[in-house]
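Peer 1: Below are the sequence and a predicted model; questions follow.
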Amino acid sequence: MRRPNFVLFITDQQRADHLGCYGNPTLRTPHLDALASRGVHFTRFHVATPICQPNRAALVTGQMPSVNGVRQNGIPLGLDSLTFAEVLRQAGYRTGYVGKAHFQNVTDIPAPPRTLGGVGEAPPAETTLARRHQREGPDYGWEVRRRWVEQPGLSLPTPYYGFEHVRLCIGHGDLVDGHYTAWLHERHPDPASLRGPANALPSSVTAPQCWRTAVPEALYPTTYVKVQACDFLAAQDAQTPFVLVVSFPDPHHPFTPPGRYWSLYDPDEVELPNSFHHPVKAIRGIPAPALEAYRWGSEDPESHWPFAVSERQAREIIALNYGSISMVDDAVGEVLAALAAQGLADDTVVAFTSDHGDYMGDHGCMLKMGLHFQSVLRVPLIWHDPQDAKRRGVSTRLGSAIDLAPTLLQRAGLRVPIGMQGQDLFGTMPAADVLVEDPGIQVFRDSEACSSIVSLVTERWRLSLFEGHEGGELYDLETDPDELDNRWDDPVCRETRLELQHRLGQRLVALRDRSLVATARA
């Protein structure tokens with residue numbers, strides 16, 4: 001029996017309910033909805049961490065951030081990491097990646113200094129010994145956006161984390177570089193005149209991080225990703241199996257959908273989340289340091305911290321977010337049409353997911369980083385296997401980002417390598433509670449900050465612990481899906497909390513690092 005091909009679509013910062021097939025009453029995503037109707041979509045698929053770089057590492061390695069080492073943004077994935085692409089490549093698959101990877105750092109801005117002494121004290125001098133085994137140097141600089149701006153024809157050595165064919169997009173909105181840079185220069189004499197807020201077209205939108213880009217639809221990054229994906233598929237044949245990851249930089253902020261997608265949705269028709277008028281500061285029992293991200297966002301809404309918005313601003317941003325998603329949906333439709341035109345559709349498993357979610361108005365905020373609400377933890381996962389008619393409908397099985405790699409490999413008929421921590425989403429093992437790791441917001445200003453947040457998501461509950469604090473969060477997702485009522489100190493929930501704390505401990509033990517195996521008895 002022929003081994004299946006795989007096409008995996010990934011978006012950046014898209015919450016689960018921002019798709020028609022997940023119940024959104026306004027957003028139109030006919031191609032993804034059709035894919036879901038032919039396959040299965042998971043309603044309880046979660047990230048391993050609600051941050052870009054670490055969760056992307058978790059998706060391709062099947063390992064938690066604490067195991068693959070990518071605990072936070074700014075730590076590259078180790079070059080010796082075993083990804084699902086490398087396993088498939090070694091098994092004879094052609095491997096391709098187009099779009100945003102973020103396996104390595106995208107800037108060369110130095111990380112904040114280590115504060116090992118007391119407040120205000122200078123840290124001791126770094127030593128070679130103290131920095132041993134750091135992931136740095138020229139081999140870890142391939143996704144620094146500045147390099148591609150300065151050298152549009154930069155050649156990336158492959159295989160890159162197991163992917164032999166790679167076309168990168170680095171950045172977001174209309175400010176994307178990578179292989180896209182040279183492609184754009186080939187098609188326009190002065191791309192700089194089109195990009196960024198300084199060159200934006202007139203618009204009545206007043207929300208932060210929104211501008212009507214002058215980049216036409218035909219030159220926008222979403223189109224580039226679509227074109228590169230179709231070109232890869234056109235070069236495939238029926239004899240050699242392949243895996244292709246199609247990774248769109250959108251709908252991540254800034255919000256710059258081009259052309260008709262800018263005005264595709266009327267802000268007045270957007271429905272705000274039920275928790276919009278219930279700010280995070282109104283939730284009982286949240287430690288003050290955990291709210292720091294929202295304070296930073298209020299001071300600088302043009303940055304990447306979560307920021308509060310008015311009703312009008314929320315509607316404007318959500319409408320533009322919908323426009324970006326509709327453009328992605330149209331691109332997905334064209335890629336799937338190219339797959340069919342090559343006669344490969346019947347042999348290809350197609351999946352769709354995102355690297356993490358976005359508050360998108362939850363508790364009056366936008367973006368991510370902060371608390372572990374379902375809007376940032378829960379992402380879509382659609383799976384269509386044309387060879388398995390039984391995998392249809394809606395699945396309420398709990399799933400994690402670390403489960404994707406094992407699921408792909410098992411479907412390919414391959415053994416899951418030692419060290420991959422996830423499980424086959426279609427396997428016979430009972431679904432495990434989802435563990436979410438997060439270094440906390442303070443690490444973005446202090447590399448040594450002890451600010452971690454660890455969450456456990458079960459069939460009914462979300463429990464979160466804060467490093468260095470006695471309290472925590474406890475939400476009944478069945479009766480309180482909008483996470484308004486923190487029941488950590490509720491006497492009625494005491495036994496539940498203790499049980500969940502025990503289950504969290506058990507999950508931490510189960511997800512220990514097992515990637516190294518003994519080579520002798522002693």
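Peer 2: Alright, I've got the coordinates.

Peer 1: Show the low-confidence segments of the stretch 1-150 of the chain, by residue range.
Peer 2: 1, 114-132 (pLDDT under 70).

Peer 1: in it, which spans are strands?
Peer 2: 5-11, 40-42, 45-46, 94-99 (DSSP state E, counting those that start in this stretch).

Peer 1: Determine which stretch of the ones you listed is the most buried.
Peer 2: Mean neighbour count (mean count of other CB atoms under 10 Å) peaks for strand 45-46 among the strands of the stretch 1-150 of the chain, with a mean of 28. For the C-beta atoms, the positions are set from N, CA and C on the backbone; glycine is no exception.

Peer 1: same for that one, what does it pack against?
Peer 2: Helices and strands touching strand 45-46, by 3 or more CB pairs under 8 Å, 6 or more residues apart in numbering; DSSP states H and E, are strand 399-400.

Peer 1: now with 10 Å?
Peer 2: helix 374-377, strand 381-384, strand 399-400, strand 434-438 (3 or more CB pairs under 10 Å, 6 or more residues apart in numbering; DSSP states H and E).

Peer 1: Show the subsequent helix or strand relative to the second one.
Peer 2: When you say that, I think you mean strand 381-384. As assigned by DSSP states H and E, the chain's next helix or strand after strand 381-384 is strand 393-395.

Peer 1: Please apply the same query to the last one.
Peer 2: Scanning forward in sequence from strand 434-438, with DSSP H and E defining helices and strands, the next element found is strand 453-457.

Peer 1: so the closest residue to Asp403 other than its chain neighbours, which of the three states?
Peer 2: Leaving aside its sequence neighbours, Asp403 sits nearest to Gly422 (CB to CB, 6 or more residues apart in numbering; 3.8 Å). With DSSP: H, G, I helix; E, B strand; the rest coil as the basis, Gly422 sits in coil.

Peer 1: contacting residues for Gly422?
Peer 2: Taking CB atoms under 10 Å, 6 or more residues apart in numbering as the criterion, Gly422 is in contact with 48, 58-59, 61-64, 399-407, 409, 416, 432, 511.

Peer 1: Next one: it, what pLDDT does it get?
Peer 2: On pLDDT, Gly422 comes in at 97.

Peer 1: for it, phi and psi?
Peer 2: Phi and psi for Gly422, reported as degrees, to the nearest 10, are phi -80, psi -180.

Peer 1: how far away is it from His185?
Peer 2: 40 Å (CB to CB, to the nearest Å).

Peer 1: same question, Trp461
Peer 2: As for Trp461, its distance to His185 is 52 Å (criterion: CB to CB).

Peer 1: Can you pick out the residue with more neighbours from these two?
Peer 2: Using other CB atoms under 10 Å as the criterion, Trp461 and His185 rank with Trp461 on top: 20 against 14.

Peer 1: Might you report the residue contacts of the residue lying closest to Ser452 once chain neighbours are set aside?
Peer 2: If the residues on either side of it in the chain are set aside, Ser452 comes closest to Glu467, at 4.2 Å by CB to CB, 6+ apart. Taking CB under 10 Å, 6+ apart, we find Glu467 in contact with 287, 289-290, 438-440, 442, 449-454.

Peer 1: helix, strand or coil for the closest residue in space to Leu425 that isn't next to it in sequence?
Peer 2: In space, and not counting its chain neighbours, Leu425 is closest to Thr407: 4.7 Å by CB to CB, 6+ apart. Per three-state DSSP, the secondary structure class of Thr407 is helix.

Peer 1: residues in contact with Thr407?
Peer 2: Neighbouring residues of Thr407 by CB under 10 Å, 6+ apart: 62, 84, 349, 351, 381, 383, 399, 416, 422-427.

Peer 1: circling back: would you turn the strands of the stretch 1-150 of the chain into CSV with distance to Asp490?
Peer 2: Output for the strands of the stretch 1-150 of the chain, formatted as CSV (distance: least, CB to CB, whole Å):
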stretch, distance to Asp490
strand 5-11, 37
strand 40-42, 30
strand 45-46, 24
strand 94-99, 45
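
Peer 1: that older thread, burial-wise, tell me which of the helices and strands packed on strand 45-46 comes out on top.
Peer 2: Highest mean neighbour count among these (mean count of other CB under 10 Å): strand 399-400, a mean of 27.

Peer 1: Each with direction, which strands does that strand pair with?
Peer 2: Strand 399-400 sits in its sheet next to strand 45-46 (parallel), going by DSSP bridges.

Peer 1: Report the distance from the strand it pairs with to the chain centre.
Peer 2: Remark: strand 45-46 is offset 11 Å from the chain centroid, using CA atoms, centre = their mean, to the nearest Å.

Peer 1: before we move on, what about stretch 349-357?
Peer 2: The chain centre lies 8 Å from the centre of stretch 349-357; the measure is CA atoms, centre = their mean.

Peer 1: how about it as PDB, C-alpha atoms only?
Peer 2: Extracted in PDB, the C-alpha atoms of stretch 349-357 (Å, rounded to 0.1, in the frame of the first residue of the first chain):
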ATOM      1  CA  VAL A 349      -3.700  13.700   4.200                       C
ATOM      2  CA  VAL A 350      -4.500  17.400   4.700                       C
ATOM      3  CA  ALA A 351      -4.400  19.000   8.100                       C
ATOM      4  CA  PHE A 352      -4.900  22.600   9.300                       C
ATOM      5  CA  THR A 353      -3.900  24.200  12.600                       C
ATOM      6  CA  SER A 354      -2.400  27.300  14.200                       C
ATOM      7  CA  ASP A 355       0.600  28.000  16.400                       C
ATOM      8  CA  HIS A 356      -1.500  29.700  19.200                       C
ATOM      9  CA  GLY A 357      -4.600  31.800  19.600                       C
END
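
Peer 1: mind listing what Arg445 touches?
Peer 2: Here Arg445 is in contact with Pro112, Pro113, Thr115, Glu292, Trp296, Ser451 (CB under 10 Å, 6+ apart).

Peer 1: ok, now Gly141?
Peer 2: Shown in contact with Gly141 (CB under 10 Å, 6+ apart): Pro76, Gln104, Asn105, Asp108, Arg147.

Peer 1: Closest to Gln134 out of those?
Peer 2: Pro76 (9.7 Å; CB to CB).

Peer 1: so that closest one touches Asp108, yeah?
Peer 2: No: Pro76 is not in contact with Asp108 according to CB atoms under 10 Å; the separation is 11.7 Å.

Peer 1: Now list the buried members of the contacts of Thr407.
Peer 2: Gly62, Phe84, Val349, Ala351, Leu381, Trp383, Gly399, Val416, Gly422, Gln423, Leu425, Phe426 (16 or more other CB atoms under 10 Å).

Peer 1: Write down the beta-bridge partners of the fifth one, one by one.
Peer 2: Same thing as Leu381. The partner list for Leu381 in beta bridges (DSSP bridges) reads Phe42, Thr353.

Peer 1: how about the helices in the stretch 1-150 of the chain?
Peer 2: 30-38, 52-61, 65-68, 84-90, 145-150 (DSSP state H, counting those that start in this stretch).

Peer 1: still on that earlier bit, can you lay out the contacts of Glu467 as TSV showing distance to Val225 and pLDDT?
Peer 2: Formatted as TSV, the contacts of Glu467 follow (distance: CB to CB, whole Å; pLDDT from 0 to 100):
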residue	distance to Val225	pLDDT
Pro287	40	91
Pro289	38	88
Ala290	35	89
Asp438	28	96
Pro439	29	94
Gly440	32	92
Gln442	34	89
Ala449	35	87
Cys450	39	89
Ser451	35	90
Ser452	34	95
Ile453	32	97
Val454	34	98
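
Peer 1: How far away from the center of its chain is the longest helix belonging to the chain?
Peer 2: As assigned by DSSP state H, the longest helix anywhere in the chain is helix 311-341. Relative to the centre of its chain, helix 311-341 is centred 16 Å away, using CA atoms, centre = their mean.

Peer 1: and that helix, which residues are buried?
Peer 2: For helix 311-341, the neighbour count (16+ other CB under 10 Å) marks 313-333, 335-336, 338-339 as buried.
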